[in-house]
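Student: Let me see the structure of the following:
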Amino acid sequence: MTGSTCHINTNRFSDAVYWCESDSGEFSNAVNITVQDGDMILLSPARPVTEGHSVILSCKLRSQTFDSIVFFYHNEKVIQNDSRWELNISAVSKSDEGFYKCQHSGRESAQSWMSVQANRPKAELMADDRDIPVGGSVTLTCFVNPSSSGWKYFWYREEKTSEPLTSQLSAGPIRVSEGGVYWCRGGRGEPVNYTEYSDSVTIYKISEFDFYYGNRIKIHVV
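Tutor: As a prediction, the model looks like this:
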């Protein structure tokens, strides 16, 4: 289908995992959609939760409030049973991944899958200069800190959601001769596990007029 939005009709689709793919073959994260058609509803995150982050799962009744014990289950095992209608996990780990449901007064919610993803490092982007002189170029360097082996780098200009400027690159800098906003991110493995996008760097291209007449002034603070 064309466009960036997919509307799901719950009359046609049941519980499922959904994801999307770009024209270049890059996959998004997966989201879990559970159809809750009973009186008891478990509210859980559709998107994967990152390790170390907090998450709250809520149990709700359509018709009334709770007046007795609420049971929360993880993979069919009771992990909380008291009057609280929320399950609070302060620091999620991979062991928290799995199926969750809640139960109250004999009524039970549908099971919902919660995915847990690794805490991804963030790529860092450095430029040896922010101004491209006439006929010249500047060097951009992308890296992952703390450093580790196996990373390849993907470069983006203007929109980080657009196609990469180049195919996979080995670790190392690139030179650019065109102004604009640049991002990068690292990736390794098969399928590729990506880092977070770097912060953006804006590169300016100096025109011949600016170069000869000094319209662009660079100030260096020591």
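Student: ok, now how distant is the nearest residue to S93 once chain neighbours are set aside from S112?
Tutor: Once flanking residues are discounted, S93 sits nearest to E51: 6.0 Å by C-beta to C-beta, 6 or more residues apart in numbering. Backbone N, C-alpha and C define where each C-beta goes, glycine included. As defined by C-beta to C-beta, to the nearest Å, E51 lies at a distance of 19 Å from S112.
Student: Pull up the pairing partners for the longest strand seen in the chain, direction included.
Tutor: Criterion DSSP state E: the longest strand present in the chain is strand 180-188. Next to strand 180-188 in the sheet, as set by DSSP bridges, lie strand 152-157 (antiparallel), strand 193-194 (antiparallel), strand 201-205 (antiparallel).
Student: Return the most buried member of those.
Tutor: Neighbour counts (mean count of other C-beta atoms under 10 Å) averaged over each of those peak at strand 152-157, with a mean of 20.
Student: got the CA coordinates for it in PDB?
Tutor: Extracted C-alpha coordinates of strand 152-157, given in PDB (Å, rounded to 0.1, in the frame of the first residue of the first chain):
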ATOM      1  CA  LYS A 152      29.100   0.100   9.800                       C
ATOM      2  CA  TYR A 153      27.700   3.600   9.300                       C
ATOM      3  CA  PHE A 154      24.600   5.000   7.500                       C
ATOM      4  CA  TRP A 155      24.500   8.700   6.600                       C
ATOM      5  CA  TYR A 156      21.400  10.900   6.100                       C
ATOM      6  CA  ARG A 157      21.000  14.400   4.700                       C
END
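Student: okay, now the domains of this protein?
Tutor: Domains of the chain are assigned by the TED database as 16-117, 123-220.
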